[in-house]
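what's the 3D shape of this:
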Amino acid sequence: MAVLLHHLDAPHPASRAELARAARSSTPGPLTPVLACLGSGLRRLPSHHGAVLLGAQAGPDALRHYTPGAILTEPAPLPGFPSHEIELGTPVEFAVWSTTGRRTLVFATPGEEPEVVFAPGTRFCVLDQLPPPEEGGPIRVLLRELGADGPEQAGANERDQQTAERLRGWLARRDALSAAQLRATGRPLHAGLTPGVTVD
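Numbers count the residues shown, from 1 in each chain. Here you go, the predicted structure:
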């Protein structure tokens, strides 16, 4: 039920934005059990292996945290889109290589854009930060999702280089599309979350 309510962005017991604020709070509150239920429910859904696109209204203070090799943990549920044909309209885009992000298509209505949701507590490794592909375009941050079981070696190794290359190729296919070929999501962004980074 928690996964369905999160997918619908229902106002009760809390909207996505309210859940994100509660997850990022250092103090347990009334939404803590809801977040635990959401995480448990997400882990029962099919996983998505591949690229996921997220957008954020991130400024320089947030972007300075995304240096290659940095490992960041996001306490909030984090949804994105597995399609590269999406128009986000944000100044920053995150291209994430997912291994355990969960597909929520089972809850989608006909015609709704599919989503992938990373469970609360997901860790990410920063692979690269790319300048805008054209003047006025978005800054891109490349991330790799890290597994949940134990520490992983991260940084400038062959695996990360290969993953970054896959993400660059995925974004290149997106950049080759015309504006008319990009689809609006029809859903609001997830409170403009910057994965693993909170800036007041």
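
Where do the helices of the chain begin and end?
2-8, 16-24, 32-42, 60-63, 158-175 (DSSP state H).

The second one packs against which elements?
Spelled out, it's helix 16-24. In this structure, helix 16-24 packs against helix 32-42, with contacts taken as 3 or more C-beta pairs under 8 Å, 6 or more residues apart in numbering; DSSP states H and E. Placement of C-beta: from N, CA and C, glycine included.

rerun at 10 Å
helix 2-8, helix 32-42, strand 71-74, strand 78-80 (3 or more C-beta pairs under 10 Å, 6 or more residues apart in numbering; DSSP states H and E).

and of the helices of the chain, who's closest to Cys125?
Closest approach to Cys125 among these (C-beta to C-beta): helix 158-175, 6.8 Å.

So which residues make contact with that closest one?
Applying C-beta atoms under 10 Å, 6 or more residues apart in numbering, the contact partners of helix 158-175 are 50-53, 68-69, 83-87, 93-97, 125-128, 130, 133-134, 137-138, 140-145, 152-154, 156, 181-182.

Just the buried ones among the residues you listed, please.
51-53, 83-84, 86, 93-97, 125-128, 130, 138, 140-145, 154 (16 or more other C-beta atoms under 10 Å).

out of the helices of the chain, which comes closest to Val106?
Here helix 2-8 is closest among the helices of the chain (C-beta to C-beta), at 9.0 Å.

Over the closest one, what's the mean pLDDT, rounded is fine.
Here helix 2-8 scores 86 as its mean pLDDT.

Convert it to CSV, retaining C-alpha atoms only.
Written as CSV, here are the backbone C-alpha positions of helix 2-8 (Å, rounded to 0.1, in the frame of the first residue of the first chain):
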residue,chain,number,x,y,z
ALA,A,2,2.9,2.4,0.8
VAL,A,3,4.3,1.9,-2.7
LEU,A,4,0.9,2.6,-4.3
LEU,A,5,0.5,5.8,-2.3
HIS,A,6,4.0,7.0,-3.1
HIS,A,7,3.4,6.3,-6.8
LEU,A,8,0.1,8.2,-6.8
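
quick one: pLDDT of the residue nearest to His7 when sequence neighbours are not counted?
Distance criterion C-beta to C-beta, 6 or more residues apart in numbering; nearest residue to His7, sequence neighbours excluded, is Phe107 at 4.3 Å. Note on Phe107: pLDDT of 85.

One more: Ala184?
At Ala184, pLDDT is 83.

where in the protein is pLDDT low?
For the chain, the stretches flagged by pLDDT under 70 are 148-156, 186-192, 200.

hang on, the earlier thing: what's the closest of the helices of the chain to Val199?
Closest to Val199 of the helices of the chain is helix 60-63 (C-beta to C-beta; 4.7 Å).

Which elements pack onto the closest one?
Using 3+ C-beta pairs under 10 Å, 6+ apart, helix 60-63 sits against strand 139-146.
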